[in-house]
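Peer 1: Task: produce atomic coordinates for the following.
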Amino acid sequence: MDLKMMAFDAPLFSALQHMLDAAAAAAADSDKSVSAPTRTYLRDAKAMAATPADVMEYPNSYAFVIDMPGLKSGDIKVQVEDDNVLVISGERRREEEKEGAAKYLRMERRVGKFMRKFVLPENANTDKISAVCQDGVLTVTVEKLPPPPEPKKPKTIEVKIA
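Peer 2: As a prediction, this is how the structure comes out:
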């Protein structure tokens, strides 16, 4: 069953569709029953689906732009895993309620953990990564490695007959 055909095209549904497809493929490959995904996997899939990002390529770098309204730099973590996976994660916490303070009538702002993983291209320089959060927008810049030098062409020497 394809969730996109049913007009569910949100990132969360795409992640769920991926999980269903993986389970169906695993069931087709073996006669064993497929175990349910772990809680950690489901939590990570939900956190990744709920964190939209823009990825741009410039001549000398890649830029990853994510909206992070109301977060401080201590709430955001930028890491590189396995030498080529950029991980942006963190947590948005709910304000603690104080005794005698106003009570919530409606809570629509998202709280909880968020995470995105990006596989970096081969020409990404993981030693030159910078992250800046300004006006609630996180911009992570990954510099590109310089292109490899062109191999020298063989020099042909003319043979003279003496």
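Peer 1: in stretch 141-148, what's buried?
Peer 2: Using 16 or more other C-beta atoms under 10 Å as the test for burial, stretch 141-148 gives Thr141, Val142, Glu143, Lys144. Where C-beta positions appear, they are placed from N, C-alpha and C, glycine not excepted.
Peer 1: Adjacent strands (with direction) for the top strand by length along the chain?
Peer 2: Longest strand in the chain, counting residues (DSSP state E): strand 124-134. Take DSSP bridges as the rule and strand 124-134 pairs in its sheet with strand 137-144 (antiparallel).
Peer 1: Kindly provide the whole-number mean pLDDT of the strand it pairs with.
Peer 2: Mean per-residue pLDDT for strand 137-144: 94.
Peer 1: Need the contact partners of it.
Peer 2: With C-beta atoms under 8 Å, 6 or more residues apart in numbering as the test, strand 137-144 has contacts from 60-68, 76, 78, 86, 88, 120, 123-126, 128-133.
Peer 1: what do you get for stretch 117-132?
Peer 2: Stretch 117-132 is contacted by residues 48, 53, 55, 62, 64, 76, 78, 80-81, 83-88, 138-145, 147 when judged by C-beta under 8 Å, 6+ apart.
Peer 1: Now it: buried residues?
Peer 2: By neighbour count on 16+ other C-beta under 10 Å, the buried set for stretch 117-132 is Phe118, Leu120, Ala124, Ile129, Ala131.
Peer 1: who's in contact with Ser89?
Peer 2: Residues in contact with Ser89, defined by C-beta under 8 Å, 6+ apart, are Ala47, Ile76, Lys77, Gln79, Lys113, Phe114, Met115, Arg116.
Peer 1: Could you dump the buried residues of stretch 117-132 into a markdown table with distance to Arg109 added?
Peer 2: Below are these laid out as a markdown table (distance: C-beta to C-beta, whole Å):
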| residue | distance to Arg109 |
| --- | --- |
| Phe118 | 25 |
| Leu120 | 31 |
| Ala124 | 33 |
| Ile129 | 29 |
| Ala131 | 23 |
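Peer 1: Closest one to Met107 out of the residues you listed, please.
Peer 2: Ala131 (28.7 Å; C-beta to C-beta).
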